[in-house]
Each structure stands twice: as C-alpha cells, then as structure tokens.
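Novice: what would the 3D arrangement of this be:
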Amino acid sequence: MTATQLKAIHFGLIGFALIWPVVLLALRGRVRPLVSGAVTLYASLALAVVFLPLPTSSTPRLKQEIQLVPFQWVLDTVGGDINAAEQVFLNVLLFVPLGIFARVLWRCTAQQALMIGLVASLTIEVTQLSGNFGTAPFVYRIFDVDDLITNTFGALLGYLLANAVLRARVPAHLRAMSPVRDHALRG
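Specialist: Residues are numbered from 1 along each chain as shown. Below is the predicted model of the structure:
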C-alpha cells in the first residue's frame, strides 16, 4: 500500500469519526449502532480511497484518461508492473464489504449484488472521469474498465462469502423462513 493510499485511509477514518455520530443521531432507534457504524466506516473509507488525495497545482496531468482494454492489468503485470496486480487485489477487496452488506443487510440476490457492485463502480469511474463533476481542476484518475470488472467481482465475492457463512450458520429449517428464500442462498 502506498503512502498516498494510507493518507486517504487516514482521512477516511477522520471522516468516519465526524460522520458516524451524526448518523447515530439521525437513525437513533431505527438501525443498530453496530450496523450503522459498519456501513458508515465502509463508505467513509471507500470514498476516501477512490477520491483522495485531490489534485494540487503540482499534481502531474494524466497521459491517459480512459482505459477500455479489458484485463489490461494482466499485460501490465507481465510487462513488469507489479503494482498492477496489487491494484487489482485492492479493487476486489474494496468492494467485498458492499457484497456482504447486499446479502446480509439488504437481503439481495446474487444478481442484485452484482448490479449494485457494477452501478457503484460505474458511478465512481464516471465521477473520476469528470474530475469529480468539475470540482477538481482536472481529471486526476483514469476511467478503467478493469476497475469496473474487479470492483463488480469484489461485490459478488463478498455476497458469496456472506452467503456461505449464512448457509453454514443458519439451520435449513430457518433458511426456509428467510425473506430471501433459497434462490438467493444458492446464489
């Protein structure tokens, strides 16, 4: 993990510390504090990692703003860029909690979790491509189709992990009573 990523995580934690008390007050009694804390922490860290640090006047301009070649990261890794494989791993990891929330909190099906991951990832990529909708002085992150693929896969992986844990922990007769029903448990 780079110093830049660690700095973004630091700001995400500060954001969480400032936002969660407000969320607790706004949702008091309607959502368990642990649940609101987990979702707020995830959102704060995820947004910080994908948007920070903001560019400054000394930030170099991108040579390429859009990367539309699927699995380009494989070629980059084979070409000696070891950071490409690490970035893929981190992109998958970034969206695993979203898939877990989709299954556990929102009781989505696998297809719905996949769509949530894709839409969230596409929203991030478009925001980055637009320079945060014009609030940044210039585009400072690449719109990358590999990010769409890996982020969406991360959401699906999180869904499948949560589903496997629920299946292992919840007796079959109780699963039959679940609002998600067996079609969601099968993924």
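Novice: list the contacts of the host helix or strand of Glu86.
Specialist: Taking DSSP states H and E as the definition, one finds Glu86 inside helix 82-104. Applying C-beta atoms under 8 Å, 6 or more residues apart in numbering, the contact partners of helix 82-104 are 1, 5, 38-39, 42, 46, 49-50, 73, 76-77, 108, 112-113, 116-117, 120-121, 146-147, 150-163, 166, 184. In this view, the C-beta of every residue, glycine as well, is placed from N, C-alpha and C.
Novice: rerun at 6 Å
Specialist: Contacts to helix 82-104, defined as C-beta atoms under 6 Å, 6 or more residues apart in numbering, come from residues 42, 73, 76-77, 108, 113, 116-117, 147, 150-151, 153-159, 162-163.
Novice: out of those residues, list just those in strands.
Specialist: Nothing among those maps onto strands, per DSSP state E.
Novice: in PyMOL, select just the buried ones from the residues you listed.
Specialist: Of these, the buried ones can be selected in PyMOL as follows, counting by 16 or more other C-beta atoms under 10 Å:
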select buried, resi 42+73+76+77+108+113+116+117+147+150+151+153+154+155+156+157+158+159+162+163
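Novice: so which residues of the protein form helices?
Specialist: Assigned by DSSP state H, the helices in the chain fall at 3-26, 33-51, 72-78, 82-104, 110-129, 145-169, 172-175, 181-185.
Novice: okay, the ones you listed in JSON lines with distance to Thr59 next?
Specialist: Shown next, in JSON lines, are the helices of the chain (distance: least, C-beta to C-beta, whole Å):
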{"stretch": "helix 3-26", "distance to Thr59": "11"}
{"stretch": "helix 33-51", "distance to Thr59": "13"}
{"stretch": "helix 72-78", "distance to Thr59": "22"}
{"stretch": "helix 82-104", "distance to Thr59": "18"}
{"stretch": "helix 110-129", "distance to Thr59": "14"}
{"stretch": "helix 145-169", "distance to Thr59": "20"}
{"stretch": "helix 172-175", "distance to Thr59": "51"}
{"stretch": "helix 181-185", "distance to Thr59": "44"}
